[in-house]
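Peer 1: Output the structure for:
(chains A, B, C and D)
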There are 2 protein chains.
Amino acid sequence: MKDEIKRRSDCPISYALEIFGDKWTLLIIRDLMFKEKKTYSDFLQSAEKISTNILADRLSMLECAGLVKRKVDKEKKSKYNYELTDKGIDLVPVLLEIVRWSAKHDKKTEAPKEFVDRVVNDSENFVKEIVKQLKGK
Amino acid sequence: MKDEIKRRSDCPISYALEIFGDKWTLLIIRDLMFKEKKTYSDFLQSAEKISTNILADRLSMLECAGLVKRKVDKEKKSKYNYELTDKGIDLVPVLLEIVRWSAKHDKKTEAPKEFVDRVVNDSENFVKEIVKQLKGK
DNA sequence: TAATTTCGCTTGCAAAATGCAAGATAAATA
DNA sequence: TATTTATCTTGCATTTTGCAAGCGAAATTA
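Peer 2: Residues are numbered from 1 along each chain as shown, chains lettered A, B, ... in the order given. All right, here's what the predicted structure looks like:
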């Protein structure tokens, strides 16, 4: 799975979409960023029910694109832990703005109120806090 | 084309992906937001070369989802102008953060330097300016 | 030590989405 | 009246997705 990501243009929006322009990739990033999930089976258990082949495909693509790193677990050699790289962590502001937008426009959103409040009223510090927590690993 | 958008969960990230989680939708939003494009043929001409059936599909989906409105042109009745609704305009911060991320991580980015500078150093005012300009139509 | 379970995938196949080229329709222009 | 402009639609081949089953290595249980 070493398919080069094809480039349709050098537009920054297009570049981003070539990496995470699909229905699943940002959910994996979300799980790594906010839900403290880190293994293949963690991701499988999320509410949206990604299928195993898509998950494997996206994880290897994300590694290829440099947003995620796969590491062998220290205690169990048969276990892998995925974590965000700095490039992946740099998506924190993007994800937070998406949460802000959806929380505003989706009546049924389950975005936690205190999370949304911080995004709306204290976004700069909130970003820093999350980044700090992610880097301290 | 009145297909209900299916909901996999009530997660805000997932909600957003159900609307713009694909390779094309945000390019149309980009064209409306930053490039002053507004017609079907404008969108067709963008560098990424969307095909006609996909464009028609996404435009009607975006109308359905309430991000875009289609209006008959005042001078030419055979012409339609698409414009962002308030819900669409609320994506400005999301797109700007994506630009910031891609400009940082894509060596070949063509993101204009002065645009990126403002996103990085004066993002709050920059958002307001763009929003104001989009609403003044 | 043998059997079972966990973990991280891969494979096969049907269904859906995409990409490409051609065509259709209605209004505007020459 | 003939041509061009503008916005799509259709048909079809290719690609991607979704679902279920299977597989191999390591870890756990009996």
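Peer 1: got the phi/psi numbers for the most centrally placed residue in chain A?
Peer 2: Geometric centre of chain A, nearest residue: A:I29, 1.0 Å, by C-alpha atoms, centre = their mean. Main-chain dihedrals, A:I29, degrees, to the nearest 10: phi -60, psi -40.
Peer 1: Okay, now the unreliable bits of chain A?
Peer 2: Counting by pLDDT under 70, chain A shows low-confidence ranges at A:1-3.
Peer 1: Tell me where it has strands.
Peer 2: A:68-72, A:80-84 (DSSP state E).
Peer 1: out of these, nearest to B:S123?
Peer 2: Shortest distance between B:S123 and the strands of chain A, using C-beta to C-beta, is found for strand A:80-84: 22.4 Å. Quick note: C-beta positions are derived from backbone N, CA and C, even for glycine.
Peer 1: is that closest one anywhere near DNA strand D?
Peer 2: No. Against DNA strand D, strand A:80-84 shows no contacts by C-beta under 7 Å from any atom of the strand, the least distance being 11.1 Å.
Peer 1: strands paired with that strand, and their directions?
Peer 2: Taking DSSP bridges as the criterion, strand A:80-84 forms sheet pairs with strand A:68-72 (antiparallel).
Peer 1: contact partners of the strand it pairs with?
Peer 2: For strand A:68-72, contacts defined as C-beta atoms under 8 Å, 6 or more residues apart in numbering or on different chains pick out A:28, A:32, A:59, A:62-63, A:79-85, A:88.
Peer 1: among the residues you listed, which ones are buried?
Peer 2: Buried by 16 or more other C-beta atoms under 10 Å in any protein chain shown: A:28, A:32, A:59, A:62, A:81-82, A:84, A:88, out of the contacts of strand A:68-72.
Peer 1: Considering the residues you listed, which is situated nearest to DNA strand C?
Peer 2: Checking the buried ones among the contacts of strand A:68-72 against DNA strand C with C-beta to the nearest atom of the strand, the nearest one is A:L59 at 6.1 Å.
Peer 1: Up against DNA strand C, what does chain A have?
Peer 2: Residues of chain A lying near DNA strand C (C-beta under 7 Å from any atom of the strand): A:39-41, A:52-53, A:56, A:59, A:70, A:73, A:76, A:78-80.
Peer 1: Out of these, the closest to B:A16 would be?
Peer 2: Nearest to B:A16 among the residues of chain A next to DNA strand C is A:L59, at 21.2 Å by C-beta to C-beta.
Peer 1: And the residue lying closest to A:V116 once chain neighbours are set aside, how close does it get to B:A16?
Peer 2: Nearest residue to A:V116, sequence neighbours excluded (C-beta to C-beta, 6 or more residues apart in numbering or on different chains): A:A103, at 4.5 Å. Remark: distance between A:A103 and B:A16 (C-beta to C-beta, to the nearest Å) = 10 Å.
Peer 1: one step back: which of the strands of chain A sits closest to B:N121?
Peer 2: Taking C-beta to C-beta, strand A:80-84 is the member of the strands of chain A nearest to B:N121, at 25.3 Å.
Peer 1: contact partners of that closest one?
Peer 2: Contact partners of strand A:80-84, identified using C-beta under 8 Å, 6+ apart, comprise A:29, A:32-33, A:38-40, A:59, A:67-73, A:134, A:137.
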